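Colleague: give me the fold of what follows.
(chains A, B, C and D)
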There are 2 protein chains.
Amino acid sequence: MNEENFRSQMKKGILELCVLKIVQFQECYASNISERLKKADLLVVEGTLYPLLTRMKNAGWIQYRWEESKSGPPRKYYQITDEGVSILEKLEKEWDSLTQSIQSLNQPS
Amino acid sequence: MNEENFRSQMKKGILELCVLKIVQFQECYASNISERLKKADLLVVEGTLYPLLTRMKNAGWIQYRWEESKSGPPRKYYQITDEGVSILEKLEKEWDSLTQSIQSLNQPS
DNA sequence: ACCAGTACTTTGTATTGCAAAGTACCAAGC
DNA sequence: GCTTGGTACTTTGCAATACAAAGTACTGGT
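Modeller: Below you'll find the predicted structure:
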């Protein structure tokens, strides 16, 4: 138990929501997503992001196509799926509900 | 990856915050805390709550005193410590920051 | 051919929420 | 005084996953 890493702790479980929010607008490959998360002060490292994308792809929430790159190896461009859109809506509702739950603890009993 | 348990996932890392928010107002024993979390739709089970309280006590965020009960074994009544108050303030700031970060993902790039 | 940059993958570790079983105390009924 | 049921706390084992670190692989420049 160490207060230095509570941000990391609090991030747990919401990264799926964040990734879905990002890819809902446009195709992205991992570095795009990583940059976007970094701008939002939610940086994750490769060892977190890549397995997460793979899990979400296996769950059918996102899909990808390969695209050649002029400056390196080909990239996986991810898009949200219809199922992903549906999940995103559910996750956003749960997120709103969770924030309200925590808000409700701001007063005694 | 299963959307059924995202609430459980999202709870991770914020339970410390929730418990501190609860005990900041008054001494509580585990069942009090459990009831309060349940009302806030954040129910946790014994196997989660008790080890969490022990970790927080070992971290110095909370302390407890024993009190006899007329209807069962003695109870551990937890109070927040000065350090816990300090941690609570930090956690609340981080929470606000996190919600803003997620909010910021609601629009493209 | 080699190297640097980029992109993706894999491995091992630590944390922790949870289910389930276990321990312990108390009061009521027989 | 023994059993039973309720309450309170503890322990064990498992599964999920964020992370660090190392690895693989493709490209273009020197």
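Colleague: show the backbone phi and psi for the closest residue to A:K12 other than its chain neighbours.
Modeller: In space, A:K12 comes closest to B:K12 once its chain neighbours are excluded; the distance is 4.0 Å by CB to CB, 6 or more residues apart in numbering or on different chains. For every residue, glycine as well, the C-beta is placed using N, CA and C. In terms of degrees, to the nearest 10, the main-chain angles of B:K12 are phi -60, psi 130.
Colleague: near DNA strand C, which residues of chain A?
Modeller: Counting by CB under 7 Å from any atom of the strand, the positions of chain A adjacent to DNA strand C are A:1, A:9, A:29-31, A:46-47, A:50-51, A:53-54, A:69, A:71-76.
Colleague: from A:Y64, how far off is A:E16?
Modeller: 16 Å (CB to CB, to the nearest Å).
Colleague: what does A:L49 give?
Modeller: A:L49 sits 13 Å away from A:Y64, going by CB to CB.
Colleague: picking up where we left off before, and A:E16 and A:Y64? Which one has more around it.
Modeller: A:E16 (23 against 18; other CB atoms under 10 Å in any protein chain shown).
Colleague: I figured A:R36 hits B:P108, correct?
Modeller: No - the pair A:R36 / B:P108 is not scored as a contact, 9.7 Å apart, by CB atoms under 8 Å.
Colleague: what helix or strand is A:K38 on?
Modeller: For A:K38, the host element (DSSP states H and E) is helix A:30-39.
Colleague: what about that helix and chain B, touching?
Modeller: Yes - Helix A:30-39 is in contact with chain B by CB under 8 Å from any CB of the partner chain, via A:36, A:39.
Colleague: which strands or helices does that helix pack on?
Modeller: helix A:15-23, helix A:46-58, strand A:72-80 (3 or more CB pairs under 8 Å, 6 or more residues apart in numbering or on different chains; DSSP states H and E).
Colleague: nearest to B:V85, of those?
Modeller: Across the helices and strands packed on helix A:30-39, B:V85 has its closest neighbour in helix A:15-23 (29.9 Å, CB to CB).
Colleague: low-confidence stretches in chain A?
Modeller: A:1-5 (pLDDT under 70).
Colleague: OK, contacts around the residue nearest the centre of it?
Modeller: In chain A, the centroid-proximal residue (CA atoms, centre = their mean) is A:V19; its distance is 2.4 Å. By CB atoms under 8 Å, 6 or more residues apart in numbering or on different chains, the contact set of A:V19 is A:33, A:52-53, A:56, A:62.
Colleague: most neighbours of all those residues, which one?
Modeller: A:I62 (25 neighbours).
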